[in-house]
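[1] Please find the sequence and the predicted model below.
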Amino acid sequence: MGHDEQQHEGGSDATHELADPVAVELLHRDAPVKMLLDGEIDLICGCYSIADSRLENFDFSPAYYDDKVVAVVQNSSMTETIDDLKGRSFGTMAGSNAAPLLSIKLYEIGFSDGEVVTANEDNSDCTFDTWRLLQFPSYQELSDALEAGDVDAMVLDSAIAQTYLDDKRAVLEDFVVAEQSYGVATQKGSELSQPVADAVQEMLDDGTIEALVNKWN
């Protein structure tokens with residue numbers, strides 16, 4: 001059995017450090033959540049946040065990295081504040097927790113009333129009172145949609161956003177969707193859950209995680 005390592009340099013290094021003590025094979029997959037639920041892989045490591053909704057299905061290691069969910073816009077859009085995005089479209093990756101976190105945040109700040117006006121069958125295209133949500137199968141497709149103008153902002157983890165930033169894009173200032181922490185996910189009750197938790201805690205205690213964070217920050 002293998003594990004999934006999501007794209008991010010720091011997460012990749014941490015994954016390789018973790019692989020030896022828990023004896024897993026490294027794999028790269030595009031649909032890790034379903035694969036973990038189906039037992040096709042043993043764990044997910046790299047930019048996978050600890051959330052109450054996920055704790056219903058997965059065990060998590062101790063948190064090893066704190067991050068935030070942000071919005072990225074094209075500089076050419078002249079978007080400076082979140083209010084500039086009223087009536088516009090936001091994109092997220094399907095299966096991530098960015099969409100529900102964004103909906104909650106926009107409601108909390110009075111940007112939206114939070115009610116869905118229309119939605120297609122798989123909720124990949126939802127219209128709210130003051131914004132539209134489009135969800136994409138991968139981060140690359142999300143990034144391509146932003147470049148093509150199919151969405152006006154893409155919402156994703158800051159660590160992942162670094163992969164898709166260039167001199168034509170920027171993180172929207174003064175707007176953080178949510179703070180979050182990453183952990184290694186295993187199946188609920190898996191025999192790997194404790195060894196993984198112990199390995200991550202050891203890496204936290206001996207400074208391995210801190211060294212990797214300093215390397216990539």
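    Okay, I see it.
[2] avg pLDDT for stretch 89-106?
    Averaged over stretch 89-106, pLDDT sits at 95.
[3] hey, where'd the helices end up in this protein?
    Here the chain has its helices, by DSSP state H, at 9-22, 32-37, 52-55, 98-108, 139-148, 158-164, 193-205, 208-216.
[4] Give me the buried positions along stretch 173-190.
    Counting neighbours by 16 or more other CB atoms under 10 Å, one finds that the buried residues in stretch 173-190 are 175, 177-178, 180, 182-187, 190. In short, each C-beta sits where N, CA and C put it, glycine included.
[5] Residue 153: which of those residues is nearest?
    For the buried residues of stretch 173-190, the minimum distance to residue 153 (CB to CB) is 9.3 Å, reached by residue 175.
[6] separation between the closest residue to the closest one other than its chain neighbours and residue 174?
    In space, and not counting its chain neighbours, residue 175 is closest to residue 82: 4.7 Å by CB to CB, 6 or more residues apart in numbering. Per CB to CB, to the nearest Å, residue 82 is found 8 Å from residue 174.
[7] Residue 127 too?
    For residue 127, the distance to residue 174 equals 26 Å [CB to CB].
[8] go on, residue 185?
    31 Å.
[9] Residue 74 too?
    Taking CB to CB, one finds residue 74 at 18 Å from residue 174.
[10] Go through the chain and flag its longest strand.
    strand 65-74 (DSSP state E).
[11] picking up where we left off before, quick one: closest of the helices of the chain to residue 91.
    Residue 91 lies closest, by CB to CB, to one member of the helices of the chain: helix 139-148, at 5.1 Å.
[12] what comes up buried for that closest one?
    For helix 139-148, a neighbour-count test (16+ other CB under 10 Å) marks 139, 142-146 as buried.
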